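Chemist: Structure, please.
(one chain, ligands or ions: 2)
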Amino acid sequence: MRDVGFAESALDSSGICHVAIACPDCGSLLSFPPLPRRSTAICLRCRNQIESTSGRSAHAALACTVATLALLPAVDTLPLLRAEMLGQRSESSLITGVAQLWHHGWIVLAALSVVFVIVLPAVRMALLALVLVALRLGLRPPWLGPAFRWAVWLDRWAMLDVFLLAVAVGYYYLTTLEHLDVTIESGGRLLLGAGLLTILSRATLDARAIWRAIGGETGAVPDDRAIGCRTCGLVQATVREGEPCPRCGARLRARKRDAVVITGALVSAALILLFPANLSPMNSSNLLGIYLEYTNFGYVVQLCHLGLWPLGVVTFWTSILSPALMMACLGWCVLAVWRRSRRRLVLRTRLLRTVAEAARWSETGPLTIVFFVPLIDFGHLGAEAAGGGATAFIVMSLLTMAAAATFDPRLMWDATT
Ligand SMILES: [Zn+2]
Ligand SMILES: [Zn+2]
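Modeler: Ligands and ions are numbered 1, 2, ... in the order given. Predicted structure coming up:
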């Protein structure tokens with residue numbers, strides 16, 4: 001693998017045309033030629049990966065996207081798991097889980113599950129399929145850029161792969177319980193396929209290559225104080241600030257307005273919710289006359305007590321340690337901008353990228369409840385119910401994701417100028 005740093009000029013000595021784009025993380029204007037296979041372009045200032053041709057293929061991404069889209073209706077409606085206890089049977093599907101949560105009054109949890117696990121994955125995959133099919137046919141309709149912008153933006157908010165992890169963690173836990181037989185049904189197998197295809201479509205898609213195919217990049221840098229679109233990287237003259245980006249339609253901003261205040265407020269709200277999210281019951285069960293409530297802390301302790309260390313570590317990481325660390329990272333970045341600190345800029349920028357990507361996996365815990373509730377429903381033998389901690393947790397995770405999305409890392413790099 002080769003690393004290609006940015007060049008100073010738009011043309012090299014052999015006359016190869018370089019394109020000019022802006023690094024979304026540090027704001028540097030970058031200029032580089034079309035990459036050869038198995039190469040990676042990296043911003044030499046902030047070490048952000050700008051483009052990679054290694055293991056990427058628009059054809060593979062299109063195939064994965066269309067296959068996922070075809071599987072989604074079945075994944076949403078078919079039974080995922082079946083549980084049997086003392087002759088009583090119950091099944092769980094995504095739709096019945098959401099309906100049952102709604103029926104029991106857990107409206108926020110049910111609505112958010114519908115949006116993030118059913119609606120947004122379908123919308124994102126449909127937009128991505130439209131864009132990739134249009135490019136494959138050589139079409140360049142005016143909606144192509146905005147459609148791909150939405151597909152990129154929805155990438156982190158579409159959580160089918162997170163739901164797959166939630167089902168896997170929950171299934172592993174249920175197989176350890178006495179008197180309970182759990183089997184994976186057709187919907188569960190399709191969910192595994194759709195979740196893996198979603199991960200594969202993300203891995204094989206290089207957004208920069210798609211933006212270049214949509215068009216609009218030139219080798220000329222308008223002037224030294226040009227601004228770059230944070231969504232697609234297109235470089236524009238500073239006079240165009242406030243106008244829509246001609247390629248993706250996002251509003252062109254030299255820096256996001258009030259990003260520090262908004263991110264600081266979102267992190268503060270998430271921090272307040274960290275305590276009820278982990279100390280209030282996530283769910284409760286009333287099985288065979290035994291009533292139990294599970295907080296995240298209590299769940300981790302119980303798993304370790306049962307000797308289920310891998311599950312205990314995953315739960316501790318996704319539910320407790322990871323959200324706290326992500327808030328600490330975001331708080332550090334906000335304070336650094338406020339103090340105009342130049343220390344550890346590359347590390348802070350990398351941490352921000354990691355937080356923006358990892359925050360969605362914190363939703364694993366609350367999403368487990370979506371299929372637990374209908375699955376553990378054995379009439380007079382007992383049932384499972386959601387707890388107040390689940391709603392607090394899902395809102396806390398969404399606030400952390402929103403905080404990472406609203407921050408503008410270029411503000412940190414302004415301290416060096
Ligand atoms: Zn950079
Ligand atoms: Zn743009």
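Chemist: which stretches of the stretch 301-417 of the chain aren't confidently modelled?
Modeler: By pLDDT under 70, the low-scoring segments of the stretch 301-417 of the chain are 377-384.
Chemist: Helices of that one, start to end?
Modeler: Using DSSP state H, counting those that start in this stretch, the helices of the stretch 301-417 of the chain run over 309-316, 322-339, 345-358, 364-375, 388-406, 410-413.
Chemist: pLDDT below threshold where in the stretch 151-300 of the chain?
Modeler: Confidence mapping of the stretch 151-300 of the chain against pLDDT under 70 gives the ranges 219-225, 287-289.
Chemist: what's the most buried one of the helices of the stretch 301-417 of the chain?
Modeler: The highest mean neighbour count among these, using mean count of other CB atoms under 10 Å, belongs to helix 364-375: a mean of 27. Heads up, the C-betas are built off the backbone N, CA and C, glycines and all.
Chemist: ok, the residue nearest the centre of the chain to residue 362 distance?
Modeler: Of all residues in the chain, the one closest to the mean position by CA atoms, centre = their mean is residue 156, 2.5 Å from it. Counting by CB to CB, to the nearest Å, the separation of residue 156 from residue 362 is 12 Å.
Chemist: ditto for residue 318
Modeler: Distance from residue 318 to residue 362, counting by CB to CB: 6 Å.
Chemist: Over to residue 61?
Modeler: Taken as CB to CB, the spacing of residue 61 relative to residue 362 amounts to 26 Å.
Chemist: The stretch 151-300 of the chain against ligand 1: which residues are in contact?
Modeler: Applying the criterion CB under 5 Å from the ion, no portion of the stretch 151-300 of the chain neighbours ligand 1.
Chemist: Flag every residue of the stretch 151-300 of the chain that's near ligand 2.
Modeler: Counting by CB under 5 Å from the ion, the residues of the stretch 151-300 of the chain that sit close to ligand 2 are 229, 231-232, 234, 245, 247-248, 250.
Chemist: residues near the nearest residue to residue 203 once chain neighbours are set aside, how many?
Modeler: The shortest distance from residue 203 to any residue other than its chain neighbours is 6.9 Å, reached at residue 55 (CB to CB, 6 or more residues apart in numbering). Summarising burial for residue 55: neighbours were counted as other CB atoms under 10 Å, giving 10.
Chemist: Contacts only, for the residue of the stretch 151-300 of the chain found nearest ligand 1.
Modeler: Of all residues in the stretch 151-300 of the chain, residue 228 sits closest to ligand 1, with a separation of 10.2 Å (CB to the ion). If you count contacts by CB atoms under 8 Å, 6 or more residues apart in numbering, residue 228 has them with 21-24, 27, 29, 234-236.
Chemist: beta partners of it?
Modeler: Taking DSSP bridges, one obtains residue 235 as the residues bridged to residue 228.
Chemist: Please tell me how far it sits from residue 217.
Modeler: Summarising the geometry, the distance separating residue 228 from residue 217, computed by CB to CB, is 11 Å.
Chemist: pLDDT on the host helix or strand of residue 111, on average?
Modeler: Secondary structure assignment for residue 111, by DSSP states H and E: helix 107-113. Across helix 107-113, the average pLDDT comes to 86.
Chemist: do the same with stretch 123-132
Modeler: This predicted structure assigns stretch 123-132 an average pLDDT of 96.
Chemist: quick check: domain ranges of the protein?
Modeler: 2-54+216-240, 58-210+255-416 (automatic domain parsing).
Chemist: Give me whichever of those domains is most buried.
Modeler: Mean neighbour counts were taken over those using mean count of other CB under 10 Å, and the top value, a mean of 19, falls to domain 58-210+255-416.
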